[in-house]
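**Student:** quick one: sequence plus predicted model below, questions after.
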Amino acid sequence: MVVVWSTRRAVAARLGPVVVLGFAAALALVGWVYLAAGHGWFWRAEPGPPAGVDPAVWPEVAAVVPARNEATLLPETLPSLLGQEYAGRFRVVVVDDGSEDGTAAAAERLGRGAAAELCVVRAGERPAGWAGKVWAMAQGVRAAGEPEFLLFTDADIAYAPGTLIRLVRAATGAHHDADHDAGYDLVSLLATLRTRTAWERAIVPAFVYFFALLYPFRRVRRPGARTAAAAGGCMFVRAATLAGAGGLAAIGGALIDDVALGRLIKGHGGRCRLDLSRDVVSRRPYPRLADLWTMIARSAYTQLRYSPPLLAGTVLGLVLLFGVPPVAAVAGIIGLVIGHPAPAAAAMGAAIGLGTWAIMAVTYAPTLRFYRLSVLRASALPLVALAYAAMTLDSARRYHSGLGGAWKGRTLAARDAARDANQ
């Protein structure tokens, strides 16, 4: 009897980890079935917006470009905006946000002889409670006059010819498709980011993938859905709708200005659209892992509203969804090879792990194809996801050490950041 009991305890001790891992893998599989089929088809990576027709009257448009120490990048980007062909009135307002490298002078040189009007203004002293970029955007709006549409764009963004026309068509509802006849109050294009270096190719597509996972683009477009977001590199906004929602003052302290703007417009009944785009391209380089790490870590904890429970849930979710399946697959295969005492359990764990791993890889493949990268990279998504979990944890560490929101020499005060998280 003692021998039998001891044998059972030994078998149970060896089966315990297999059962726990198999259960976790099964939970991950259920999660991935939902994400793949029921989460707004977030992974489709469809460029947009759809082609349209010319509006009856071309509205007046003003582009607002906040720029802080961008003298090096502006020659690569500003001419593409100033050179947009447009039948209506189009002007560009560059807001020098306390630059120390001659950004304003560089913008003025680039504007000489340009097709579009150019106005360069200084942001001035930032009032308490305002985030630096949003304050600069507000000063640009003040200098823009009274256009019908505002194009908020970053200084590192370059535009393909005809992009402005396509934005106007999308916003005014000038489409052959009757579903879009009402137009949009906010049309935002997620810029194509650089993927020239090895680290950019490893991290950047996943950044786009996770952004779409957080904010499925189809749900952003759906009027009744709660999901609202925008991409800060290109936000084309109906000025009257923005003013009716309280203007930029309503999100003055927002560190993540694009998501805040999307929520503001949609929360006040505006129709929003968010798409991927190859017409809008970021020229900002992130050659080293440290550069990408800082870019993500500076706002990840802000995205979680500085909440430790949300942080814990997010990290555990990433580990469960992305980390457990490959571990279950490898452990199951090794168990079968070395002769595990429960081969059926090992085989089941391997099958569930491999199947779930395959589903996540399939959902990642469209983003890789959008970036013209090999779909074989999709198998490494678990490693990249765990790196993102580490960046998120580091974002919380930076915040609690007083470094949260640091960017270009500015650090948002902890008390301000905590308040902004609740906006």
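**Tutor:** Cool, got the structure.
**Student:** ok, now how distant is residue 388 from residue 293?
**Tutor:** Distance, residue 388 to residue 293, by Cβ to Cβ, to the nearest Å: 10 Å. C-beta here means a position set from N, CA and C on the backbone, and glycine is covered the same way.
**Student:** and the two? Which one has more around it.
**Tutor:** Between residue 388 and residue 293, counted using other Cβ atoms under 10 Å, residue 388 has the larger neighbour count: 23 against 19.
**Student:** what does the more buried one show for phi and psi?
**Tutor:** Backbone geometry at residue 388, expressed as degrees, to the nearest 10, gives phi -70, psi -40.
**Student:** OK, contacts around it?
**Tutor:** With contact taken as Cβ atoms under 8 Å, 6 or more residues apart in numbering, residue 388 is in contact with 206, 210, 296, 318.
**Student:** pull the most distant pair out of these.
**Tutor:** 296 and 318 (13.0 Å; Cβ to Cβ).
**Student:** and for those two, which residues touch both?
**Tutor:** 388, 392.
**Student:** just the strands from the stretch 301-423 of the chain, written as ranges.
**Tutor:** Counting by DSSP state E, counting those that start in this stretch, no segments of the stretch 301-423 of the chain form strands.
**Student:** wait, the chain
**Tutor:** Counting by DSSP state E, the chain has strands at residues 61-67, 90-96, 117-122, 149-153, 157-159, 186-192, 234-238, 272-282.
**Student:** re earlier: out of the contacts of residue 388, which is nearest to residue 79?
**Tutor:** residue 296 (29.5 Å).
**Student:** my read: the closest one touches residue 206, true?
**Tutor:** No - between residue 296 and residue 206 there is no contact under Cβ atoms under 8 Å: 9.8 Å.
**Student:** just the pLDDT at the spatially closest residue to residue 251 that is not a sequence neighbour, thanks.
**Tutor:** Nearest residue to residue 251 in three dimensions, chain neighbours excluded: residue 260, at 4.1 Å (Cβ to Cβ, 6 or more residues apart in numbering). On the pLDDT scale, residue 260 is placed at 96.
**Student:** pLDDT on stretch 385-398, on average?
**Tutor:** Per-residue scores along stretch 385-398 average to 96.
**Student:** oh, that last question was meant for stretch 263-271, not what I typed.
**Tutor:** pLDDT averaged over stretch 263-271 gives 96.
**Student:** and it, what's buried?
**Tutor:** 263-266, 270-271 (16 or more other Cβ atoms under 10 Å).
**Student:** of those, closest to residue 329?
**Tutor:** Nearest to residue 329 among the buried residues of stretch 263-271, with distances taken as Cβ to Cβ, is residue 263, at 38.8 Å.
**Student:** what's near enough to touch residue 368?
**Tutor:** With contact set as Cβ under 8 Å, 6+ apart, residue 368 has these partners: 205, 374-375, 377-378.
**Student:** which one (most neighbours) among those?
**Tutor:** Within those, residue 205 tops the neighbour count with 25 neighbours, counted by other Cβ under 10 Å.
**Student:** tell me the pLDDT at it?
**Tutor:** 97.
**Student:** again with the one 10 residues further on
**Tutor:** Turning to residue 215, the model gives it a pLDDT of 96.
**Student:** do you know how far the residue found closest to it once you drop the neighbours it is linked to in the chain is from residue 192?
**Tutor:** Sequence neighbours aside, residue 229 is the residue nearest to residue 215 in space, at 3.7 Å (criterion: Cβ to Cβ, 6+ apart). To residue 192, residue 229 is 18 Å away according to Cβ to Cβ.
**Student:** cool, and residue 56?
**Tutor:** Relative to residue 192, and taking Cβ to Cβ, residue 56 is found at 32 Å.
**Student:** what does residue 283 give?
**Tutor:** Distance from residue 283 to residue 192, by Cβ to Cβ: 10 Å.
**Student:** more neighbours: the two, which one.
**Tutor:** Between residue 283 and residue 192, residue 192 has the larger neighbour count (other Cβ under 10 Å), namely 22 against 19.
**Student:** I'd like the distance between the more buried one and residue 397.
**Tutor:** From residue 192 over to residue 397 the distance is 31 Å, taken as Cβ to Cβ.
**Student:** any weak-confidence spans in this structure?
**Tutor:** 1-16, 18, 174-181, 340-342, 404-423 (pLDDT under 70).
**Student:** hmm, 50 instead?
**Tutor:** Applying pLDDT under 50 to the chain picks out residues 1-13, 15, 176-180, 413-423.
**Student:** what residues does the nearest residue to residue 26 once chain neighbours are set aside make contact with?
**Tutor:** Nearest residue to residue 26, sequence neighbours excluded (Cβ to Cβ, 6+ apart): residue 352, at 5.8 Å. Counting by Cβ under 8 Å, 6+ apart, residue 352 touches 22, 25-26, 29, 325, 328.
**Student:** same deal with residue 168?
**Tutor:** Residue 168 neighbours (Cβ under 8 Å, 6+ apart): 55, 58-59, 61, 86, 88, 149, 174, 236.
**Student:** for residue 49, same thing?
**Tutor:** 166-167, 169-170, 187, 189, 273, 275.
**Student:** okay, the residues you listed in CSV with distance to residue 224 and neighbour count next?
**Tutor:** Listed next are those as CSV, based on distance: Cβ to Cβ, whole Å; neighbours: other Cβ atoms under 10 Å:
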residue, distance to residue 224, neighbour count
166, 26, 20
167, 24, 27
169, 24, 21
170, 20, 23
187, 19, 28
189, 23, 29
273, 15, 22
275, 19, 21
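**Student:** so how many other residues sit close to residue 127?
**Tutor:** Neighbour count of residue 127, defined by other Cβ under 10 Å: 9.
**Student:** hmm, it is touching residue 139, no?
**Tutor:** No - using Cβ under 8 Å, residue 127 is not in contact with residue 139; the gap is 11.1 Å.
**Student:** okay, now residue 172: neighbour count?
**Tutor:** Neighbours of residue 172 (other Cβ under 10 Å): 25.
**Student:** please name the residues that touch the closest residue to residue 159 other than its chain neighbours.
**Tutor:** In space, and not counting its chain neighbours, residue 159 is closest to residue 80: 4.5 Å by Cβ to Cβ, 6+ apart. Residue 80 sits next to 158-160 when contact means Cβ under 8 Å, 6+ apart.
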